[in-house]
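Colleague: Generate a structure from the sequence data that follows.
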Amino acid sequence: MDFDTLRTFRELTKDLNMTKTAARLFISQQTLSNQIIRLEKELGVKLFDRKPKLKLTYAGEKVLDFAKQVSFDERKLNELLQDVEGDNVGTISFGASALRSSGCLPEVLPVFSEKFPRVNFDLTTDTTNNLRRMLEEGDLDLAICVMEEPIPKNLVAQHILADQLYLCVSEKLLNRVYGKKEAEILKEKSKLGAHVGDFRKLPFFMMKNQNKLAFAISKCFTEAGFVPDVYLASMLTRITVPICSAALAATIITKMNIQMNLEKMQGDVNVFPLLYKNKPVYHNLYLVHRKDKHMTAYLAYFMEILEDYFFRLNKMDMTSVVNSGR
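Modeller: Okay, the predicted model is just below:
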């Protein structure tokens, strides 16, 4: 049994489709099929049921567990040997949501590459649940995840950001719906904390994602006892600020999203801290890796500058109230 065949087997388990896997690996379907047949003969077990569609057998599931561990151990050994040689050459497999990776990587990668110019990155953008699974299976070195206690015993999770939620509404929309006098009263009331119930007349941008952030937002509307008028529902969080800035809808977004889009707000968007049960709402982010992950010098440095980026972001208050007399 060789590492390449195990890797090919593992890749096939991701798609469970010979055509897709062969195309992704740039090999012929016949080559892929021959490798799997050869592995089955060597192990003396059937790894896949072929009909009605490709599916792992019980033996195949056990071999997959073994293949995952072998892949992790092989990479760990290579990193250990590189550390011994002092090469500082390698690849960091990093995972985060598309929004979070877009926010932090442009800031930290130039700093990182000055010190480790021969280290590359393999970026995966996905949900927290999938990123956690990939961490546990050894496919990622490091990921930014939303985590809750208790932390799984095989993972190390360091809290890096209390990503506060804010209610954002353009001055134009607020005045159009409430009138200038009532809008000023509402702004004064909300600058230290906003309840969505006070903004029930507004149309809202709402996330279609069924994730922890969407759940935290929905709890605020449930507490207020009303269903929002949804102008637009979407999974594309990057369009929330443009929709808000165009005075089409109010939205609830995180500090990190606001920080990335300050220029697009053009000074015409009110930003109020969101409240739930009279307390600020936070989306807690963690920097996560496997407990048995070998910590190379370059991975430790990457974590260090990520922590510094989020430390600075943590200290920012995004609250902003438009001056109506401007």
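
Colleague: which outside residues touch stretch 121-139?
Modeller: Residues outside stretch 121-139 that contact it (CB atoms under 8 Å, 6 or more residues apart in numbering): 68-69, 71-72, 75, 91-98, 101, 105, 109, 140, 143-147, 152, 154-155, 211-212, 288-290. All C-beta spots, glycine's among them, are computed from the backbone N, C-alpha and C.

Colleague: Could you give me the ChimeraX selection string for whichever of those are buried?
Modeller: Restricted to buried positions by 16 or more other CB atoms under 10 Å, the ChimeraX selection for those reads:
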select :68,71,72,75,92,93,94,95,96,97,101,105,140,143,144,145,146,147,155,212,288,289,290
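
Colleague: which ones among the contacts of stretch 121-139 are found in helices?
Modeller: Under the assignment DSSP state H, these contribute 68, 69, 71, 72, 75, 98, 101, 105, 109, 212 to helices.

Colleague: Can you add distance to residue 115 and give those residues back as JSON lines?
Modeller: Listed next are those as JSON lines, based on distance: CB to CB, whole Å:
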{"residue": "68", "distance to residue 115": "31"}
{"residue": "69", "distance to residue 115": "32"}
{"residue": "71", "distance to residue 115": "28"}
{"residue": "72", "distance to residue 115": "26"}
{"residue": "75", "distance to residue 115": "22"}
{"residue": "98", "distance to residue 115": "26"}
{"residue": "101", "distance to residue 115": "20"}
{"residue": "105", "distance to residue 115": "16"}
{"residue": "109", "distance to residue 115": "11"}
{"residue": "212", "distance to residue 115": "34"}
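
Colleague: how about the helices in the protein?
Modeller: Applying DSSP H to the chain gives helices spanning 3-15, 18-25, 29-43, 58-85, 98-115, 128-136, 171-178, 180-190, 212-224, 240-245, 255-260, 262-265, 297-314.

Colleague: As JSON lines, those with mean pLDDT and distance to residue 197 would be great.
Modeller: Below are the helices of the chain laid out as JSON lines (pLDDT from 0 to 100; distance: least, CB to CB, whole Å):
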{"stretch": "helix 3-15", "mean pLDDT": "86", "distance to residue 197": "45"}
{"stretch": "helix 18-25", "mean pLDDT": "89", "distance to residue 197": "48"}
{"stretch": "helix 29-43", "mean pLDDT": "89", "distance to residue 197": "58"}
{"stretch": "helix 58-85", "mean pLDDT": "78", "distance to residue 197": "48"}
{"stretch": "helix 98-115", "mean pLDDT": "94", "distance to residue 197": "27"}
{"stretch": "helix 128-136", "mean pLDDT": "89", "distance to residue 197": "29"}
{"stretch": "helix 171-178", "mean pLDDT": "96", "distance to residue 197": "14"}
{"stretch": "helix 180-190", "mean pLDDT": "95", "distance to residue 197": "11"}
{"stretch": "helix 212-224", "mean pLDDT": "92", "distance to residue 197": "3"}
{"stretch": "helix 240-245", "mean pLDDT": "91", "distance to residue 197": "19"}
{"stretch": "helix 255-260", "mean pLDDT": "90", "distance to residue 197": "22"}
{"stretch": "helix 262-265", "mean pLDDT": "77", "distance to residue 197": "24"}
{"stretch": "helix 297-314", "mean pLDDT": "94", "distance to residue 197": "28"}
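
Colleague: Dump these to TSV, plus distance to residue 283.
Modeller: Converted to TSV, the helices of the chain look like this (distance: least, CB to CB, whole Å):
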stretch	distance to residue 283
helix 3-15	29
helix 18-25	33
helix 29-43	42
helix 58-85	30
helix 98-115	10
helix 128-136	10
helix 171-178	24
helix 180-190	20
helix 212-224	6
helix 240-245	14
helix 255-260	9
helix 262-265	19
helix 297-314	12
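
Colleague: average pLDDT for the longest strand seen in the chain?
Modeller: The residue-count maximum for a strand in the chain (DSSP state E) belongs to strand 155-170. Across strand 155-170, pLDDT averages out at 95.
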